[in-house]
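Novice: Kindly return the folded structure for what I paste below:
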Amino acid sequence: MSKIKKNMAGYNQLERLERIVQLLHWKKYITKEELMDQLWERYDIEISERSLERDLKSLKEQYSLDIEYNRQHKGYFLAEDERLLSRFFKFAELSSLAKIYEEGLKNYSQFEKWIIPDDSSDLTGVSNINPIVKAMNTGLKLKFKKENFHTGVVKEYLVTPLRLKEYLNRWYLIAVADGQDYFKNFGIERMTDVNIIREPGIDTKKFEKKLERYKDIVGINYSDEYFSAPLKVVIKTYDFQYKYLQTLPLHHSQQFTLLPDESESLVTFHLQPNHEFITQLLRMNENVEVLQPTALRVIIKDKLKAALKRY
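Specialist: Below you'll find the predicted structure:
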């Protein structure tokens, strides 16, 4: 089987797995027969009972999704784990994009007709993900060149890769450069000549606790510039802005309280406000108001005043 055909088979299986998870969301205690019928009726996916059993097993063993059969209700149910589900759906989303682009490469005229890619460099550097992941899996170092965003100067780095992180459709490598005792972010779209070096990376255990701090921020940069620790942030949204936040969450901690006027909502976060978080609040313009903490409210107010002076 050719490489492209193998890839397509993998994409199709993952698409089917994603549909099964969606159906498990749709109905609790769904039977095998209902799953098979709904896969056909909703998604034109025909599957045998044996293949469905393999898929359910795969979702549990490969993706750690807790799918159980309830004998009393004679159906399957999916235990809700937002973190695991979010990771699975993100993986499925990336796979779908890969499928679209691979199919486009086989038939460019159709690709050009139906796909409108963003006029930015969001996908630049995606080819670097493969060697980066391989280096992390094998515990080896990476060597690459990177252009400084501000100066344009190209510098060569030898690093131990720690994590890949996505933010605003761009990917960043979190790594420790040789001779340094701290990690930094590298935008992979500015990395060139990426090579795995057959040299063991440094011991990364001491960085694990610091890496946990990424859970407390929005984006890729944490610092004590504005606040020194995570805290409770409450904002009020207007004109149904909360619906956009529901579909595109700013942070995994966000929670909603719908107000009597159903176009308004209180949104609560537990995080360390940083530059990226503040920028996201400013992007919502008049549709959001920071209620607490007072210090963050003042920061937003001062930035809005500074912006107004430009006009």
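
Novice: From the contact counts, what lies against the helix or strand where Arg54 lies?
Specialist: Using DSSP states H and E, the element containing Arg54 is helix 49-61. Counting contacts by 3 or more C-beta pairs under 8 Å, 6 or more residues apart in numbering; DSSP states H and E, helix 49-61 is packed against helix 3-26, helix 32-43, strand 67-70. All C-beta spots, glycine's among them, are computed from the backbone N, C-alpha and C.

Novice: The second one vs helix 49-61, what angle?
Specialist: Interaxial angle of helix 32-43 relative to helix 49-61 (axes from the mean of the first three to the mean of the last three C-alpha atoms, to 10 degrees): 90 degrees.

Novice: Run a quick neighbour tally on Thr160.
Specialist: If you count neighbours by other C-beta atoms under 10 Å, Thr160 ends up with 23.

Novice: Leu258 and Glu264: what is the separation?
Specialist: Between Leu258 and Glu264 the computed distance is 8 Å (C-beta to C-beta, to the nearest Å).

Novice: Need the residues touching each of these two.
Specialist: Counting by C-beta atoms under 8 Å, 6 or more residues apart in numbering, the residues touching both Leu258 and Glu264 are Tyr242.

Novice: More neighbours: the two, which one.
Specialist: Each of Leu258 and Glu264 has its neighbours counted (other C-beta under 10 Å); Glu264 has more, 18 against 11.

Novice: The more buried one against Tyr238, yeah?
Specialist: Yes. Counting by C-beta atoms under 8 Å, Glu264 touches Tyr238, with 5.7 Å between them.

Novice: contacting residues around the closest residue in space to Gln241 that isn't next to it in sequence?
Specialist: If the residues on either side of it in the chain are set aside, Gln241 comes closest to Asn287, at 4.0 Å by C-beta to C-beta, 6 or more residues apart in numbering. Residues near Asn287 by C-beta under 8 Å, 6+ apart: Thr237, Tyr238, Asp239, Gln241.

Novice: The second one - how many residues pack around it?
Specialist: Spelled out, that is Tyr238. Around Tyr238 there are 16 residues (other C-beta under 10 Å).

Novice: contacting residues around it?
Specialist: Ser263, Glu264, Glu286, Asn287, Val288, Glu289.

Novice: which of those residues lies closest to Ile220?
Specialist: Each of these was checked against Ile220 using C-beta to C-beta; the closest is Val288, at 22.3 Å.

Novice: what about the closest one, distance to Tyr222?
Specialist: 22 Å.

Novice: could you pull out the helices for the stretch 101-250 of the chain?
Specialist: 108-114, 129-138, 208-211, 241-247 (DSSP state H, counting those that start in this stretch).

Novice: could those go into TSV alongside mean pLDDT, distance to Ile202 and mean neighbour count?
Specialist: As requested, the helices of the stretch 101-250 of the chain are arranged in TSV below (pLDDT from 0 to 100; distance: least, C-beta to C-beta, whole Å; neighbours: other C-beta atoms under 10 Å):
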stretch	mean pLDDT	distance to Ile202	mean neighbour count
helix 108-114	62	43	11
helix 129-138	85	13	15
helix 208-211	88	13	11
helix 241-247	89	39	15
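
Novice: Let me know which of those is the nearest to Leu14.
Specialist: helix 129-138 (16.9 Å).

Novice: Please export the alpha-carbon coordinates of the closest one; CSV is fine.
Specialist: Extracted C-alpha coordinates of helix 129-138, given in CSV (Å, rounded to 0.1, in the frame of the first residue of the first chain):
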residue,chain,number,x,y,z
ILE,A,129,6.7,19.2,14.0
ASN,A,130,7.8,15.7,12.9
PRO,A,131,11.5,15.9,13.8
ILE,A,132,10.6,17.8,17.0
VAL,A,133,8.3,15.1,18.2
LYS,A,134,10.8,12.4,17.3
ALA,A,135,13.5,14.2,19.3
MET,A,136,11.2,14.4,22.3
ASN,A,137,10.2,10.8,22.1
THR,A,138,13.8,9.6,21.8
